[in-house]
Each structure stands twice: as C-alpha cells, then as structure tokens.
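*Asks:* got a predicted structure here, sequence first:
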Amino acid sequence: MRDPVKVKTWLFTILHWQFFESRRRLSRFPHHELEAVSNELPAISPKTALQLDSAQVLRALARVDEVYQAPVALFYLEDCSYREIAEMLDVPMGTVKSRISRGIAQLQRLLANDISAAGRGEKTKL
C-alpha cells in the first residue's frame with residue numbers, strides 16, 4: 001500500500017465486490033433440495049447406466065430425431081468442439097448447444113423407456 005490511510009477504504013471496496021460476487025454466484029447457481037427437484041433428474045439411475053453397453057446406446061441414438069443425431073454424435077463420439085460442429089453443420093453455436101441438450105434428453109427418455117419395457121418383459125428395440 002502506498003498510502004496506509006486508504007487501507008480501510010480499500011478493504012471495504014474489496015468486501016463490497018466480494019458480496020456482489022457471492023450474490024451473483026447464488027443467482028446463477030441456486031441451491032435446491034434434492035427432493036424438490038427430483039422430477040428434473042434423469043430417469044436412468046447410475047446403476048442402470050453402468051449396465052448399458054455401447055451398442056444399446058448407439059441403437060437408441062439412431063432413433064433420436066435426425067436434427068439432434070449429428071451434433072450429439074460429433075460432440076460425444078468424435079470429441080468435436082461446439083465451434084467445430086457449428087462450422088460443419090453451418091449453424092450458430094447456440095443452436096449446436098441446444099440441439100445437443102435436446103438430443104441427450106431425448107436419448108435419455110428412449111433409454112429409460114427401453115429399460116422399463118425390458119423390466120416388464122416386453123420386447124424392445126434394444
């Protein structure tokens with residue numbers, strides 16, 4: 001510090017900005033109780049996900065809407081970045097992100113339906 005008289009002002013400024021940062025973080029990443037958001041959790045349990053093999057997932061991916069298949073496959077199977085996928089598909093990067101998100105959600109639903117049908121003894125497309 002060049003001027004020891006201004007230490008108090010400097011500390012209050014830092015405290016002020018830290019407070020705003022903590023409030024900003026709380027609004028961006030709110031805390032939710034698990035029971036309150038249980039309906040938003042994936043339908044597939046971690047134990048079930050470990051039992052899936054890649055062939056089952058690829059067959060389910062083939063049933064995902066075509067518009068979502070390419071972004072999901074490029075991102076997860078080919079390890080392409082959002083930017084690379086956007087250039088390949090000639091769409092904005094935000095579109096790539098939303099298609100990947102929607103494709104994964106659809107894939108999870110398909111896998112959950114297949115698993116529950118298999119548990120009931122029905123013949124599935126797996």
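*Replies:* All right, it came through fine. Nothing here was measured: the structure is a model prediction, and the numbers come from that model.

*Asks:* contacts, neighbours, all on C-alpha from now
*Replies:* Noted.

*Asks:* next, the distance between the ends of stretch 53-72.
*Replies:* Between the opening and closing residues of stretch 53-72 there is a gap of 17 Å (CA to CA, to the nearest Å).

*Asks:* quick check: buried residues in it?
*Replies:* Buried residues in stretch 53-72, defined by neighbour count with 16 or more other CA atoms under 10 Å: V57, A60, L61, V64, Y68, Q69, A70, P71, V72.

*Asks:* A86: what secondary structure?
*Replies:* What DSSP: H, G, I helix; E, B strand; the rest coil gives for A86 is helix.

*Asks:* my read: it touches P92, true?
*Replies:* Yes - at 5.7 Å, A86 counts as touching P92 under the criterion of CA atoms under 8 Å.

*Asks:* of these two, who's got more company?
*Replies:* A86 (18 against 13; other CA atoms under 10 Å).

*Asks:* which residues touch the residue lying closest to the more buried one once chain neighbours are set aside?
*Replies:* In space, and not counting its chain neighbours, A86 is closest to M93: 5.3 Å by CA to CA, 6 or more residues apart in numbering. By CA atoms under 8 Å, 6 or more residues apart in numbering, M93 lies in contact with Y82, R83, I85, A86.

*Asks:* pLDDT score assigned to the last one?
*Replies:* Put plainly, it is A86. pLDDT recorded at A86 is 95.

*Asks:* separation between it and Q106?
*Replies:* A86 is 20 Å from Q106, by CA to CA.
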